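**Q** I'd like to go over a predicted model; first the sequence, then the structure.
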Amino acid sequence: MSDDSTRPIVIKRKKVVAGGAHGGAWKIAYADFVTAMMAFFLLMWLLGSTAKGDLQGIAEFFQNPLKVANEGGSGSGDATSILQGGGKDLTRQAGQVKRGDIEAKKSTSFSKEAQAEFRRQEQERLEALKANIEKMIEQSPQLAPFKKQMLLDITSEGLRIQIVDEQNRPMFDSSSADLKPYTRDILRELGKALNGVPNRISLAGHTDAAQFAGGEKGFSNWELSANRANASRRELVVGGMDDSKVIRVVGLASTVLFDKNDPLSSINRRISIVVLNRKAEMAILQEDGPESDVGTDEFLPEGLKLPINGKGTAG
């Protein structure tokens, strides 16, 4: 029987390979694949965005690089190019279908329709306001006696309300901006009605052609008409109209006569209140729009349209 102590001891070690199916080698391969695909699609985009002439230039460069480099031209490393050596600006859209143009046309069409709808609604609102004020005048014991002195019409600027003098019923004291008590009542009632619409307000004061003793150098119809317009503004505010609605207060003296044939007529002395439409409001804010009551007879009521004189004013 052999002695077990003399037998050699054999130790078997199992080699374990790290990674295998759960290693990270596949991630590197996948990253290389994604990078290659990105480069491929980038190449396709560049080829699709480059004009045919530029493609021919690039092809010629690779076929005969010295000729292109010596003669210059597109594709030869133009320093003004966004991508050096890539030819013209690849951001241009010439020859391509411009999505921006399609969207712009849709937006413009929608904008025009929206503007037309806004103007229609605004016109309806002004017409409704005109009807409400006329109804208010008819039903108010305080305003009904002055019906003939309150002229309402729709102009290119909006709803115009004119309060005119009568021979025996002036709105102000003679040569003064002090309002008569009934004029205060009229303006305060109008202030309540005008505050119910979002439109801004323009006021203009007018006088007849009678001159002060000092002429135009001293206190004149210019100061008087401006003072009367501002006094009317204050009464509208007292009546309940928000003061921020007033966008313009002007005095026009006798430059825009209501009755050209009789410059001294009492009807020329008046206050004009215009409930402005959006277009007229923006024109005033930009200081390049039409002036109220100036330059055309379209602002006068039917039957009282007057020819425009050589100075460009209706009167």
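**A** Great, that's in hand. Residues are numbered from 1 along each chain as shown.

**Q** Show me where the stretch 51-200 of the chain dips below the pLDDT cut-off.
**A** 65-110 (pLDDT under 70).

**Q** and if we set it to 80?
**A** 51-111, 167 (pLDDT under 80).

**Q** the strands in it, which residues?
**A** 150-154, 158-164 (DSSP state E, counting those that start in this stretch).

**Q** can you map out the helices along the stretch 1-150 of the chain?
**A** Secondary structure of the stretch 1-150 of the chain (DSSP state H, counting those that start in this stretch): helices at 25-49, 52-63, 65-71, 99-139.

**Q** deepest of those, which one?
**A** Between the helices of the stretch 1-150 of the chain, helix 52-63 has the highest mean count of neighbours, a mean of 14, where neighbours are mean count of other C-beta atoms under 10 Å. All C-beta spots, glycine's among them, are computed from the backbone N, C-alpha and C.

**Q** Against which helices or strands is it packed?
**A** helix 65-71 (3 or more C-beta pairs under 8 Å, 6 or more residues apart in numbering; DSSP states H and E).

**Q** Is it correct that Arg278 is in contact with Glu122?
**A** Yes: taking C-beta atoms under 8 Å as the definition, Arg278 is a contact partner of Glu122 at 6.3 Å.

**Q** Quickly list what's touching both of those two.
**A** Contact criterion C-beta atoms under 8 Å, 6 or more residues apart in numbering; residues shared by Arg278 and Glu122: Asn199.

**Q** Can you mark which positions in stretch 235-246 are buried?
**A** Glu235, Leu236, Val237, Gly239, Met241, Lys245, Val246 (16 or more other C-beta atoms under 10 Å).

**Q** about what we covered before: with mean neighbour count as extra columns, can I get the strands of the stretch 51-200 of the chain in CSV?
**A** What follows is those, written out as CSV (neighbours: other C-beta atoms under 10 Å):
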stretch, mean neighbour count
strand 150-154, 16
strand 158-164, 23
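
**Q** Those: which one's closest to Ile58?
**A** strand 158-164 (63.0 Å; C-beta to C-beta).

**Q** who touches that closest one?
**A** Contacts of strand 158-164 (C-beta under 8 Å, 6+ apart): 126, 129-130, 133, 146, 149-154, 171, 183, 186-187, 190, 199, 232, 258, 266-267, 269-277, 280, 292-293, 299.

**Q** please redo it, this time with the cut-off set to 6 Å
**A** Contacts of strand 158-164 with the rest of the structure, by C-beta atoms under 6 Å, 6 or more residues apart in numbering, involve 126, 129-130, 149-153, 267, 270-277, 280.

**Q** Quick check, central residue of the chain?
**A** The chain has Met282 as the residue nearest its centroid, 7.4 Å off, counting by C-alpha atoms, centre = their mean.

**Q** which SSE is that residue in?
**A** Per DSSP states H and E: Met282 is located in helix 278-285.

**Q** same question, Ser254
**A** With DSSP H and E as the test, Ser254 turns up in no helix or strand.

**Q** Just confirm it contacts Gly205, I think it does.
**A** No: contact criterion C-beta atoms under 6 Å: Ser254 and Gly205 do not qualify, at 10.8 Å.
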